[in-house]
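Undergrad: everything below, folded, please.
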Amino acid sequence: MSKSRISNQTLFIGLLILATSTIAHAQNKKESYKKLTDENVREFIQYTTDITTDKNVTLSQSETSQYLDFHIAPKARFKTSITYVVPGMPEQEKSLLLNKEDYINQVAQGAQSVEHYYTETEIESIDISKDKESAGVTTVSNESGVMLMPNPEGGSTDVPIEGTSKCFQVLRLSKKGYIQMYSANCKTRMEFRP
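TA: Alright, predicted model coming up:
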């Protein structure tokens with residue numbers, strides 16, 4: 001797999017993680033909570049999905065980065081294991097470990113590398129702690145998009161991409177009562193369609 005192809009795939013992962021991780025709420029929805037509930041966690045996840053797919057909300061790249069900075073804990077960690085499936089090639093594995101700054105940069109780059117991006121996210125489980133200040137959330141997302149990839153002739157080709165991600169993330173309330181992402185651990189299978 002070429003270096004350019006790996007780079008573009010890594011950018012796409014930024015979108016996959018954003019869609020399946022529950023980080024961005026909305027610039028004008030900075031709500032403060034006294035405790036996490038099933039309802040406010042589900043709202044947080046749904047709004048994140050809407051933002052990342054432009055379904056009901058659009059934020060500029062700058063607004064998205066500012067909001068991510070606000071809703072990601074300072075020491076947050078994001079880990080994903082990715083299996084790439086490219087026709088005619090053996091499956092390849094790659095792991096990414098990102099801190100807060102790396103993650104925000106990947107999201108910004110990923111948003112510019114994929115066209116016709118679409119995702120559906122299903123919440124499999126929400127496990128809220130007894131003190132109601134943290135929650136473990138498991139989601140499954142199915143994503144698709146089109147990425148411009150280099151071809152053997154030296155040009156480039158639009159390549160349809162489909163991905164499935166299963167993520168376990170930990171949400172916590174900040175001291176000011178805002179929902180923040182503390183960690184995410186995802187397994188992603190990304191298939192390139194001819």
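
Undergrad: how about the strands in the protein?
TA: With DSSP state E as the criterion, the chain has strands at 72-85, 92-99, 114-128, 134-150, 156-173, 179-192.

Undergrad: wait, which of those strands is closest to residue 60?
TA: When these are compared by Cβ to Cβ, strand 114-128 sits nearest residue 60, at 16.5 Å. (Each C-beta comes from the backbone N, C-alpha and C, glycine too.)

Undergrad: quick one: the closest one to strand 134-150, angle?
TA: Counting by axes from the mean of the first three to the mean of the last three Cα atoms, to 10 degrees, strand 114-128 lies at 170 degrees to strand 134-150.

Undergrad: if you average pLDDT over strand 114-128, what comes out?
TA: Mean pLDDT, computed over strand 114-128, is 89.

Undergrad: got the angle for that strand vs strand 156-173?
TA: 20 degrees.

Undergrad: buried set for strand 114-128?
TA: If you call a residue buried by 16 or more other Cβ atoms under 10 Å, then strand 114-128 has these buried ones: 114, 117, 119, 121, 126, 128.

Undergrad: that one pairs with which strands, and in what direction?
TA: Next to strand 114-128 in the sheet, as set by DSSP bridges, lie strand 134-150 (antiparallel).

Undergrad: what angle sits between the strand it pairs with and strand 179-192?
TA: Using the same axes, to 10 degrees: strand 134-150 against strand 179-192 is 40 degrees.
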